[in-house]
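Undergrad: got a predicted structure plus its sequence, pasted below:
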Amino acid sequence: MTGILVGYARCSTDKQDLEANRQILLNLGVSAGQLFLDRAYSGTNRARPGLDQALAAVRPGDTLVVPKLDRLARSVPDARQIGDSLAARRIRLQLGTMIYDPTDSMGKVFFNILATFAEFEIDLLRLRTREGMAIAKAKGKLKGRAPKLSPTQQAHLVKLHAADEHTIVELAELFGVSRPTVYRVLERAAATRSSTAT
């Protein structure tokens, strides 16, 4: 009896990326009910619920289908661990249209080469991001995150809190921010008052 195809892909937050990976898996013969996707999870993060569900869904004789190896793992050790685990359970791994055969020595070599390139690619991306941030910082364009509340909103929040008519939770809901943000605004206002008083 031929096993089933179980599809998995890690996608970004972009809806187009999510749909593109879903369509690739469907085109490779995976049924809609056997698709598992992780949205907005880093490839370096092994704790991915969609991947865990896909690995739990495959049985001996089944095939785990991924569009590309970098959708499954972004480090050589992680790729090897997943590949070896699937092989031990007699589950095939299909990368795009190519089926990885762990019993074939050339298949093993090719799999390791793909994993190495996937890891190298993310290292390059990290390096480019760090370089870009360093250049932006040197040019004065990287100033950190913008405050969640404008100075006017912060002043209004402080006034409402001083009037003692709203709790911290109510202020957070009113201004659409978290409670820690409310506390930070109040702490900054208190610090400003004490420095001007001295």
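TA: Looks like it arrived, so ask away. Residues are numbered from 1 along each chain as shown.
Undergrad: mind giving me the domain ranges of the chain?
TA: Domains of the chain are assigned by automatic domain parsing as 5-122, 151-193.
Undergrad: any idea which of those scores lowest on pLDDT?
TA: Averaged per stretch, pLDDT over these is lowest on domain 5-122, reaching a mean of 80.
Undergrad: helix, strand or coil for residue 37?
TA: Following DSSP: H, G, I helix; E, B strand; the rest coil, we place residue 37 in the strand state.
Undergrad: hey, what's it bridged with?
TA: With DSSP bridges applied, residue 37 shows beta-bridge pairing to residue 9.
Undergrad: okay, strands next: where are they in this protein?
TA: With strands called from DSSP state E, the chain shows them at 5-11, 35-39, 63-66, 92-95, 98-100.
Undergrad: of all those strands, which lies closest to residue 179?
TA: Closest to residue 179 of the strands of the chain is strand 35-39 (C-beta to C-beta; 27.2 Å). To be clear about C-beta, it is placed using only N, CA and C from the backbone, and glycine gets the same treatment.
Undergrad: helices and strands around that closest one, which ones?
TA: Using 3 or more C-beta pairs under 8 Å, 6 or more residues apart in numbering; DSSP states H and E, the elements in contact with strand 35-39 are strand 5-11, helix 15-27, helix 49-57.
Undergrad: still on that earlier bit, deepest of the domains of the chain, which one?
TA: Of all the domains of the chain, domain 5-122 has the most neighbours on average by mean count of other C-beta atoms under 10 Å, namely a mean of 17.
Undergrad: okay, the strands of the chain in a markdown table with distance to residue 81 next?
TA: Below are the strands of the chain laid out as a markdown table (distance: least, C-beta to C-beta, whole Å):
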| stretch | distance to residue 81 |
| --- | --- |
| strand 5-11 | 15 |
| strand 35-39 | 17 |
| strand 63-66 | 14 |
| strand 92-95 | 12 |
| strand 98-100 | 14 |
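Undergrad: picking that back up, which one of the domains of the chain lies closest to residue 138?
TA: domain 5-122 (24.8 Å).
Undergrad: run the chain-centre distance for that closest one.
TA: A distance of 15 Å separates the centroid of the chain from that of domain 5-122, by C-alpha atoms, centre = their mean, to the nearest Å.
Undergrad: gap between the two ends of stretch 156-170?
TA: End-to-end distance for stretch 156-170: 14 Å, by C-alpha to C-alpha, to the nearest Å.
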